[in-house]
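Asker: Following is a predicted model, sequence given first.
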Amino acid sequence: MSRVGKNPVSIPAGVEISIDGSVVKAKGKLGELSYEFLSREVSVEKTEDGVQVMNRSESKRSRSLWGTTRARIQNLVTGVSDGFKKDLEIVGVGYRAAVQGSDLQLQLGFSHDVKYPIPQGIKVTCERPTAIRIEGIDKQIVGQIAAEIRSYRPPEPYKGKGVRYADEFILRKEGKKK
């Protein structure tokens, strides 16, 4: 069993943490985030080492929320200090992306262009027509947007065409034989 919850969350310089009841708020140079934890199952307190998360009981639910709460608080601290990013690659002839105003326009081999509205607080850039970078302070939202863009045309196993994560490996299949 993982013991992630035992480690305190260290607070880097420039980040302020406040605990108000069952809400943890983090404020840093990139913005402000908050997380509401279940105070019946775990307790959170600020120490000189950082933020410490502890079990209130030894029930299975309490133990599972122990590590989850610690990881979510760590993501708050990382998000407001450094931020998160996901890189996507587009593979295929004629497939490309471009940012136009507050929309991401994707040409993915359909009869029409796919327009994806970019939410507030998220920055989407296209350094090349086949590369998309998604940046933001909330890890969940950055990952969700990357997954939604990938879902328009997931990579296929024969030629590898489609939208994929930059570090994703596509297992290729052999084509038809004569």
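Answerer: That came through fine.

Asker: pLDDT score for Arg128?
Answerer: Looking at Arg128, its pLDDT is 91.

Asker: what domains does the record give for this protein?
Answerer: 4-81, 84-165 (automatic domain parsing).

Asker: Same list, those domains, but as a markdown table with distance to Lys176 and mean neighbour count please.
Answerer: Using the backbone N, CA and C atoms, a C-beta is placed for each residue, glycine as well. Shown next, in a markdown table, are these (distance: least, CB to CB, whole Å; neighbours: other CB atoms under 10 Å):
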| stretch | distance to Lys176 | mean neighbour count |
| --- | --- | --- |
| domain 4-81 | 46 | 16 |
| domain 84-165 | 10 | 15 |
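
Asker: Out of the ones you listed, which is closest to Glu174?
Answerer: Closest of the domains of the chain to Glu174 is domain 84-165, at 8.5 Å (criterion: CB to CB).

Asker: picking that back up, looking at the domains of the chain, which one has the lowest mean pLDDT?
Answerer: Among those, domain 4-81 carries the lowest mean pLDDT (a mean of 85).

Asker: distance between the ends of that one?
Answerer: Using CA to CA, to the nearest Å, one end of domain 4-81 lies 21 Å from the other.

Asker: ok, which stretches of the protein are helices?
Answerer: 60-81, 139-152 (DSSP state H).

Asker: before we move on, back to that, now the domains of the chain in a markdown table, with distance to Leu171?
Answerer: Listed next are the domains of the chain as a markdown table, based on distance: least, CB to CB, whole Å:
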| stretch | distance to Leu171 |
| --- | --- |
| domain 4-81 | 29 |
| domain 84-165 | 6 |
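
Asker: so what's the residue lying closest to Asn75 once chain neighbours are set aside up against?
Answerer: With sequence-adjacent residues excluded and distances taken as CB to CB, 6 or more residues apart in numbering, Asn75 is closest to Lys139, at 4.7 Å. Contact partners of Lys139, counting by CB atoms under 8 Å, 6 or more residues apart in numbering, are 75, 78-79, 84.

Asker: Kindly export stretch 18-31 (C-alpha atoms) in PDB.
Answerer: Presented in PDB, the C-alpha positions along stretch 18-31 are these (Å, rounded to 0.1, in the frame of the first residue of the first chain):
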ATOM      1  CA  SER A  18      -4.400  29.000   4.300                       C
ATOM      2  CA  ILE A  19      -6.700  26.300   5.800                       C
ATOM      3  CA  ASP A  20     -10.200  27.400   6.700                       C
ATOM      4  CA  GLY A  21     -12.300  24.600   8.000                       C
ATOM      5  CA  SER A  22     -12.400  22.000   5.200                       C
ATOM      6  CA  VAL A  23     -11.000  24.300   2.500                       C
ATOM      7  CA  VAL A  24      -7.300  24.600   1.600                       C
ATOM      8  CA  LYS A  25      -6.400  27.700  -0.400                       C
ATOM      9  CA  ALA A  26      -3.100  28.300  -2.200                       C
ATOM     10  CA  LYS A  27      -2.000  31.600  -3.600                       C
ATOM     11  CA  GLY A  28       1.100  32.100  -5.700                       C
ATOM     12  CA  LYS A  29       2.500  34.100  -8.600                       C
ATOM     13  CA  LEU A  30       0.300  32.400 -11.200                       C
ATOM     14  CA  GLY A  31      -3.000  32.700  -9.400                       C
END
